[in-house]
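K.L.:
No sequence on hand, only this structure:
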Ligand code: KG4
Ligand code: ZN
């Protein structure tokens, strides 16, 4: 069965052709327009999706050497995400399904991240713990079997990626901030400043990242380093040390709660997904601790960490195989919960 997957929930327009679990193409067009605003501007995101959706789908078909007439099912993200952005992908998919007379299914974006590790050659065994860390989400999920999972905890305020982006903005590093902080941090001293680690309830799986962002803000303000008109230029070494210290605080909490969940539920497989799973320190520590604790750690290739059509097509395939399909009255849902299908 050949499936076309479409993703437009945030600032990536992506389409992918999947044939029986095998990726034939995965085209991602990232919207650069948001960079100058220091964050994703919803209205601009919708317009860019509108412009790119057809060329991206055409390219996905071309690379997959597939004709539209060979596509047997469509999968599209219908939430959570930016409402206008979601509607572009959903309406496009509905029109295509109507024209081709083939089934389509709305996919929960969080499920797409959850199962993205099954796109690789090495797949986790069930049950596993999944840490989803992106610009919009930080969630720990217990995945019992295919399409059966339970949310253990999530962030009560900022997502981990959001904290990276906001701190990068304060430092004048541009958007998205994660990769920039990651790079600077790799040459810095993580013990330079001891930023607070928000464990909240020691036994629980909830996260909070807004406190650390505020701590960085105060630290910068106190030294007149805040990016703005009155700024004092921070020496390069100090910048690297600050980034390393911030990163250490974020990574420590993510790692310890993830392994705590694996221990509590006695699972031997951990999967990580979402944009922040590209973080080099997070990856390094996960793999190292996994080895020490004899737990297999799965992290998708970078292309499948961030938003992409392949992960949507994969969940679409799982749903369509089970004869689950959507009707034309399906609506986009900005705040769709991970428990919903
Ligand atoms: O999954 P994603 O592409 O989009 C959302 O659904 O949010 O994740 C984007 C987020 C951004 O906040 C970005 O700063 C962060 O992932 N990110 C990173 C790294 N690469 C991307 N954060 C830390 N380290 C990285 N290397
Ligand atoms: Zn995402």
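P.N.:
All right, it came through fine. The structure presented is a predicted model; accordingly, all values stated were derived computationally and were not measured. Numbering: from 1, shown residues only. Ligands and ions are numbered 1, 2, ... in the order given.

K.L.:
Contact partners for the residue of the stretch 101-250 of the chain found nearest ligand 1?
P.N.:
Across the stretch 101-250 of the chain, the shortest distance to ligand 1 (C-beta to the nearest ligand atom) belongs to residue 178, at 2.1 Å. In short, each C-beta sits where N, CA and C put it, glycine included. Counting by C-beta atoms under 8 Å, 6 or more residues apart in numbering, residue 178 touches 135, 161, 164-165, 168, 275-276, 278-279.

K.L.:
Try it again at 7 Å.
P.N.:
Neighbour list for residue 178: 161, 164-165, 275-276, 279 [criterion: C-beta atoms under 7 Å, 6 or more residues apart in numbering].

K.L.:
ditto for residue 244
P.N.:
Here residue 244 is in contact with 185, 188-190, 192 (C-beta under 7 Å, 6+ apart).

K.L.:
in stretch 329-341, what's buried?
P.N.:
Neighbour-count burial for stretch 329-341 flags 330, 332-333, 336, 338 (criterion: 16 or more other C-beta atoms under 10 Å).

K.L.:
Redo the residues you listed as CSV? Include pLDDT.
P.N.:
Putting these into CSV (pLDDT from 0 to 100) gives the following:
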residue, pLDDT
330, 98
332, 98
333, 98
336, 97
338, 95
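
K.L.:
mind putting those in TSV, distance to residue 151 and secondary structure included?
P.N.:
Output for the buried residues of stretch 329-341, formatted as TSV (distance: C-beta to C-beta, whole Å; DSSP: H, G, I helix; E, B strand; the rest coil):
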residue	distance to residue 151	secondary structure
330	22	coil
332	21	coil
333	16	coil
336	13	coil
338	5	coil
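
K.L.:
these two touch, right, residue 76 and residue 109?
P.N.:
No - Residue 76 is beyond contact range of residue 109, at 10.2 Å (criterion: C-beta atoms under 7 Å).

K.L.:
which residues does the residue of the stretch 201-341 of the chain found nearest ligand 1 contact?
P.N.:
Closest residue of the stretch 201-341 of the chain to ligand 1, C-beta to the nearest ligand atom: residue 275 (2.0 Å). Residue 275 makes contact with 134-135, 161, 178, 305-306 under the criterion C-beta under 7 Å, 6+ apart.

K.L.:
can you name the two of those that are farthest apart?
P.N.:
Across the contacts of residue 275, no pair lies farther apart than 135 and 305, at 11.7 Å, counting by C-beta to C-beta.

K.L.:
out of the contacts of residue 275, which touch ligand 2?
P.N.:
residue 134 (C-beta under 5 Å from the ion).

K.L.:
Quick check: the gap between the residue positioned nearest the centre of the chain and residue 140.
P.N.:
Centroid-nearest residue in the chain: residue 274, 2.5 Å away (criterion: C-alpha atoms, centre = their mean). Separation of residue 274 from residue 140 (C-beta to C-beta, to the nearest Å) stands at 12 Å.

K.L.:
that older thread, could you flag which of the contacts of residue 244 are buried?
P.N.:
Applying 16+ other C-beta under 10 Å to the contacts of residue 244 flags 185, 188, 190, 192 as buried.

K.L.:
tell me the phi and psi of the residue nearest to the centre of the chain?
P.N.:
The phi/psi pair for residue 274 (degrees, to the nearest 10) reads phi 100, psi 160.

K.L.:
Equivalent analysis for residue 266, please.
P.N.:
Dihedral pair for residue 266: phi 50, psi 50, per degrees, to the nearest 10.

K.L.:
Distance of it relative to residue 207?
P.N.:
22 Å.

K.L.:
Residues of the protein that sit close to ligand 2?
P.N.:
134, 307.

K.L.:
Tell me which stretches of the chain form strands.
P.N.:
2-7, 12-19, 22-30, 73-79, 104-108, 128-133, 138-145, 148-154, 269-273, 296-298 (DSSP state E).

K.L.:
In TSV: these, plus mean pLDDT and mean neighbour count.
P.N.:
Listed next are the strands of the chain as TSV, based on pLDDT from 0 to 100; neighbours: other C-beta atoms under 10 Å:
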stretch	mean pLDDT	mean neighbour count
strand 2-7	98	29
strand 12-19	98	27
strand 22-30	96	19
strand 73-79	98	28
strand 104-108	98	26
strand 128-133	98	28
strand 138-145	97	20
strand 148-154	97	16
strand 269-273	97	25
strand 296-298	98	21
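
K.L.:
my guess is residue 149 contacts residue 132, does it?
P.N.:
No - look at residue 149 against residue 132 with C-beta under 7 Å: they stay out of range, at 10.7 Å.

K.L.:
the bottom helix or strand of the chain by mean pLDDT?
P.N.:
Sorting the helices and strands of the chain by mean pLDDT, DSSP states H and E puts helix 302-305 at the bottom, at a mean of 91.

K.L.:
and that helix, anywhere near ligand 1?
P.N.:
No - using C-beta under 6 Å from any ligand atom, helix 302-305 stays clear of ligand 1, with a minimum separation of 6.8 Å.

K.L.:
where does that helix sit relative to the chain's centre, distance-wise?
P.N.:
Taking the mean of its C-alpha atoms, helix 302-305 sits 9 Å from the chain's own mean (C-alpha atoms, centre = their mean, to the nearest Å).

K.L.:
tell me which strands and helices it is in contact with?
P.N.:
Using 3 or more C-beta pairs under 7 Å, 6 or more residues apart in numbering; DSSP states H and E as the contact test, no helix or strand touches helix 302-305.
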